[in-house]
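Below is the sequence, then the predicted model.
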Amino acid sequence: MDGWVSCGMAVTRSLDPDILDPLLTRLNSENSAYARVYPGEPIGRQPVHTIYGGGHLFRRDSARRLGDLALASMAEYGPDAESFARAIGFEGETALERSVYERVVDKLKREPVEDFRIDFEDGYGTREEAEEDAHAAQAAVEVAQGMKAGTLPPFIGIRIKNFGLGTCERGIRTLDIFLTALSGLTGGKLPENFVVMLPKLVAAGQVRTMVELFETFEGRGGEGLFPRGSLKMEFMVETTQSVIDSNGACPLPEFVRASKGRCIAAALGVYDYTASLGITANQQRIDHRGCDFARHVMQVALGGSGLFLSDGATNIMPTPPHAVQPGASLTSAQREENARTVHDAWKLNFGHVRRSLMHGWYQGWDLNPAQLPVRYAAVYSYFLEYLPEATRRLRNFVEKAARATLVRSDSGVGVFDDAATAQGLLTFFIQGLRRRAISDEDLAATGVTREEIATRSFNAIVRRRLGTM
């Protein structure tokens with residue numbers, strides 16, 4: 001044993017290197033293996049939504065068209081900050097309402113769509129073989145032209161039919177036609193952040209099939225249509241078997257392992273999932289408790305894996321019941337009914353998105369362009385509302401990192417902050433930055449740097465500042 005004296009107290013040790021080194025070697029190996037499977041929350045950008053559109057309708061400028069429709073909806077049913085806040089059910093201070101409104105309008109003008117999925121599944125339906133063939137090829141033409149013109153959203157992909165009985169051949173055929181045409185038009189280039197979505201996934205073998213297809217498109221040992229490793233996938237949880245399989249185990253981690261690193265996201269298909277539970281149509285909704293169970297299982301099974309997790313959609317559309325006919329105008333009663341219908345749908349959608357955010361789901365589906373203003377308003381308001389208090393609390397933690405602190409919230413209630421709470425505050429800023437709802441200037445006000453937040457760990461930040469790393 002060795003010992004030394006500090007502050008009048010002898011410190012001794014019993015574990016010599018012969019004992020300790022093998023233990024640490026084994027622990028470091030185990031920890032490294034764990035870190036490879038669970039690298040932690042990404043810090044790169046994740047879209048706040050995915051909007052779907054039938055493959056037969058997609059055009060190179062679809063994102064801009066959807067943005068124009070969203071702006072028109074705002075102009076008609078929420079033309080200023082006060083009326084828009086009232087329409088979506090957002091109660092905030094006047095300055096906050098104005099900030100949210102201005103950011104939503106700016107977003108819709110500048111980048112109306114963050115993620116678009118060209119849909120050949122539920123949003124497309126079943127058609128003649130030749131018709132779907134033609135639409136798959138045309139969609140590739142539009143994507144290629146959108147790449148050249150710079151009109152595609154920052155994230156884009158294609159959803160094919162599932163790999164189940166009766167649909168697997170059609171799904172593969174559509175994927176083949178689309179990718180073959182796209183490669184020929186672009187010289188083997190893919191759009192940035194391109195992904196293939198596999199719906200209604202129930203078995204790891206379906207993922208392995210997708211990987212084999214990707215490897216074939218890329219060329220197993222020679223020239224392929226696309227660079228090696230460039231094709232990525234995501235899957236949808238839409239059946240109970242995707243949550244718990246016939247062996248009573250959760251198959252989600254196995255799905256990811258079967259992808260050989262190609263899976264980047266998983267989405268919950270709310271309405272197919274609730275249908276698989278035997279829930280009737282009038283009770284199928286995003287906030288059903290059955291969906292909460294699936295969401296929690298997905299978070300537990302896939303949290304920390306680096307995958308994007310995406311929630312479902314609100315299926316009540318903000319569509320006015322009365323359309324203006326050529327040469328006619330609406331009555332005041334019809335206009336009031338239109339506004340009431342849209343506002344009711346907006347309020348429902350706003351509540352659903354905010355609920356998802358509260359449960360740690362920062363991305364979700366949109367089905368209608370008039371839902372885009374609500375999506376962005378919900379995200380911006382969620383982060384901007386809490387930003388002042390979160391900034392104070394995190395700054396306080398950074399300044400007094402060596403001990404737990406007691407801070408007082410805006411409501412006057414004492415809130416005890418410990419390291420776990422500090423990690424939650426750090427997560428708030430990470431998620432806000434990833435969604436561009438929080439700026440670098442907002443982060444700087446906390447005293448935390450970009451380099452520090454990239455560690456994704458409050459403990460790591462403290463250790464660095466104390467010089468123990």
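Now that the structure is in, tell me what you want to look at.

make it CA atoms for all contacts and neighbour counts henceforth
OK.

Tell me how the chain divides into domains.
For the chain, the structural domains run 49-321+328-381, 386-466, going by automatic domain parsing.

tell me the contacts of residue 268?
Residue 268 is in contact with 236, 237, 238, 294, 295, 310, 311, 312, counting by C-alpha atoms under 8 Å, 6 or more residues apart in numbering.

among these, which are in helices?
Filtering these for membership in helices, criterion DSSP state H, returns 294, 295.

would you turn the contacts of residue 268 into a markdown table with neighbour count, distance to residue 331 and pLDDT?
Formatted as a markdown table, these follow (neighbours: other C-alpha atoms under 10 Å; distance: C-alpha to C-alpha, whole Å; pLDDT from 0 to 100):
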| residue | neighbour count | distance to residue 331 | pLDDT |
| --- | --- | --- | --- |
| 236 | 22 | 44 | 96 |
| 237 | 24 | 45 | 97 |
| 238 | 23 | 43 | 96 |
| 294 | 23 | 46 | 96 |
| 295 | 24 | 45 | 97 |
| 310 | 23 | 41 | 97 |
| 311 | 24 | 39 | 97 |
| 312 | 25 | 36 | 95 |
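
Below-threshold pLDDT in the stretch 101-250 of the chain: ranges please.
Across the stretch 101-250 of the chain, the ranges flagged by pLDDT under 70 are 220-222.

Identify the residue nearest residue 311 in space, chain neighbours excluded?
Distances taken as C-alpha to C-alpha, 6 or more residues apart in numbering put residue 364 closest to residue 311, at 4.3 Å, once the chain neighbours are dropped.

Got the phi and psi for the one you found?
The main-chain torsion angles of residue 364 are listed as degrees, to the nearest 10 and equal phi -150, psi 180.

how close does it get to residue 371?
Distance of residue 364 to residue 371, given as C-alpha to C-alpha, to the nearest Å: 11 Å.

more neighbours, the two?
Between residue 364 and residue 371, counted using other C-alpha atoms under 10 Å, the more crowded position is residue 371 (26 against 23).

can you pull the contacts of that one?
For residue 371, the contacting residues are 70, 317, 318, 346, 349, by C-alpha under 8 Å, 6+ apart.

now swap in residue 391 and tell me
Residues near residue 391 by C-alpha under 8 Å, 6+ apart: 442, 443, 445, 446.

Quick check: the last one touching residue 392?
Translated: residue 446. Yes. If you go by C-alpha atoms under 8 Å, residue 446 and residue 392 touch, sitting 6.9 Å apart.

Those two: which is more packed in?
residue 446 (21 against 17).

hang on, that one in a strand?
No. Judged by DSSP: H, G, I helix; E, B strand; the rest coil, residue 446 forms no part of a strand; its state is coil.

For residue 425, see how far away it is.
Residue 446 sits 10 Å away from residue 425, going by C-alpha to C-alpha.

list the residues that contact both of the two?
residue 394.

Residue 390 - nearest residue in space that isn't next to it in sequence?
In space, residue 390 is closest to residue 425, 6.3 Å off (C-alpha to C-alpha, 6+ apart).

burial measure for residue 386, as a count.
Neighbours around residue 386, by other C-alpha under 10 Å: 11.

so who does it touch?
Counted by C-alpha under 8 Å, 6+ apart, residue 386 has zero contacts.

One more: residue 256?
Residue 256 is in contact with residue 263, counting by C-alpha under 8 Å, 6+ apart.

So it versus residue 38, what's the distance?
12 Å.

Contacts only, for residue 194.
Applying C-alpha under 8 Å, 6+ apart, the residues contacting residue 194 are 155, 156, 157, 231, 232.

now it: how far from residue 109?
With C-alpha to C-alpha as the criterion, residue 194 and residue 109 are 23 Å apart.

name the element residue 340 belongs to?
helix 332-358 (DSSP states H and E).

chain center to that helix, what's the gap?
Distance of helix 332-358 from the chain centroid (C-alpha atoms, centre = their mean, to the nearest Å) equals 23 Å.

Which other helices and strands does that helix contact?
When contacts are defined as 3 or more C-alpha pairs under 8 Å, 6 or more residues apart in numbering; DSSP states H and E, helix 332-358 sits against helix 62-77, helix 81-88, helix 372-399.
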